[in-house]
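K.L.:
Okay, predicted coordinates and the sequence, questions at the end:
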2 protein chains.
Amino acid sequence: MASSTQASAAPSARDRILRTAHDLFYRDGVRATGIDRVIAESGVAKLTFYRHFPSKNDLIRAYLDYRHQRWMAWFADALSRHGGGPDAIVPAVGEWLRDPGYRGCAFINSVGELAGSLPEVVEIARTHKADVAAAIAAVLPATRQRSKLAQAIALAIDGAIVRAQFDETPDAALDALKRIVKALLE
Amino acid sequence: MASSTQASAAPSARDRILRTAHDLFYRDGVRATGIDRVIAESGVAKLTFYRHFPSKNDLIRAYLDYRHQRWMAWFADALSRHGGGPDAIVPAVGEWLRDPGYRGCAFINSVGELAGSLPEVVEIARTHKADVAAAIAAVLPATRQRSKLAQAIALAIDGAIVRAQFDETPDAALDALKRIVKALLE
DNA sequence: ATGGTTGTAGACAGATCTGTCTACATGCGC
DNA sequence: GCGCATGTAGACAGATCTGTCTACAACCAT
């Protein structure tokens, strides 16, 4: 989940805006980041920005969609790189939590910040978490309890995500997560 | 964790401010809540407010302290009301998650919102979570693994907290939490 | 009774934030 | 080559937010 860099030369204005918004929203929070900051940092004109995103809420929605795509792709890749079995889960999560730019889960953070003023982020977050649970189920053995088990593991991952957001190092969170996953898988 | 009401007649201005700030900050978020709103809703003059809390950050710190006291007292009570043993944990948490005013963990939400602009909330949240883990350890049998086990359960509770914040009902979160606690305690 | 503390009511300054508008440039398809 | 989409630069309006300031009242202890 390190910040990805684009190889090709000239990204469109929309892409530059979205990428900049992603980095700022994720690092500093959505409310703390002003439109003017996104505009200045992505190097586009104000009118250009408002042509692509008529309101800040449109940008927020696009940010969460973009984040979802990026994160799910990274997670699927990380799981397969670590063997693609149940034992891949904790190391894959650990990779993320150790990333220097780690700032917690964009969806959890956004719900906390915006649930009151932009209720649809709750729906978006729910969808995201359901997809994460499905990705976890995909690496579990196909038993009768697989779905329930994946949900429990996904919930434990959420716990590790917020714990690692507080602590100096993610080690305690990963220890606890490992213990839970091991206990759940017998 | 339902909102507590004060029996005695005349709370001081400071108490009224703190109580109002707590309710608004918790319900709508810290950044989304303006000082003017707190002042209007607590029925106090602006100068009075600024005499007690020279800046919004002072109010935020007081809010988190207040929340910590209130929540820990409620949690200890809930644990003892449900028997004071390991089996009290899930029902106690369930009581909270089912509260109509439930909006997630004030500390998790605040870290997401404020970590960038007010770094000390991270420290405050860490202390809070350590106290929660200690309260959980207190209801576990005194084995050699007690502390590690309490940390794992506390982490699973954090997972249930955020999951219940997304979902329509807390049932799935409580199911998963119950499954994890059961697996951890053999 | 006098001074300090605590309170009310509300105007005001200064910053910041979202969103609009004018004026102009460039490149591409038809 | 003409029109249109897309782009730049930046002034401007209007709302909102934090924090200061003036003017005045009630209460309590010394």
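P.N.:
Thanks, I have it.

K.L.:
May I see the buried residues of stretch A:177-186?
P.N.:
A:177, A:178, A:179, A:180, A:181, A:183, A:184 (16 or more other C-beta atoms under 10 Å in any protein chain shown). Any C-beta I mention is one placed from the backbone N, CA and C, and that applies to glycine too.

K.L.:
same question for it, mean pLDDT?
P.N.:
The average pLDDT for stretch A:177-186 rounds to 96.

K.L.:
the longest helix in chain A is where?
P.N.:
helix A:56-81 (DSSP state H).

K.L.:
Give the other helices and strands that that one contacts.
P.N.:
Secondary-structure packing of helix A:56-81 (3 or more C-beta pairs under 8 Å, 6 or more residues apart in numbering or on different chains; DSSP states H and E): helix A:13-28, helix A:35-42, helix A:89-97, helix A:106-114, helix A:120-137.

K.L.:
tell me the contacts of residue A:162?
P.N.:
By C-beta atoms under 8 Å, 6 or more residues apart in numbering or on different chains, the residues touching residue A:162 are A:104, A:105, A:108, B:108, B:111, B:158, B:159, B:162.

K.L.:
Skipping adjacent residues, who's closest to the third one in space?
P.N.:
It stands for residue A:108. Leaving out its chain neighbours, the residue that sits closest to residue A:108 by C-beta to C-beta, 6 or more residues apart in numbering or on different chains is residue B:162, at 5.2 Å.

K.L.:
per-residue confidence at the one you found?
P.N.:
In this prediction residue B:162 is given a pLDDT of 97.

K.L.:
Sticking with it, tell me its helix or strand.
P.N.:
Using DSSP states H and E, the element containing residue B:162 is helix B:146-166.

K.L.:
What parts of chain A come near DNA strand C?
P.N.:
Chain A has residues A:33, A:34, A:35, A:36, A:37, A:46, A:47, A:50, A:54, A:55, A:56, A:57 near DNA strand C, with proximity defined as C-beta under 7 Å from any atom of the strand.

K.L.:
For the residues you listed, which single residue is the most surrounded?
P.N.:
Among the residues of chain A next to DNA strand C, the one with the most neighbours (other C-beta atoms under 10 Å in any protein chain shown) is residue A:33, at 23 neighbours.

K.L.:
Now the two most distant members of the residues of chain A next to DNA strand C.
P.N.:
Across these, the longest distance by C-beta to C-beta is 19.8 Å; it joins A:33 and A:47.
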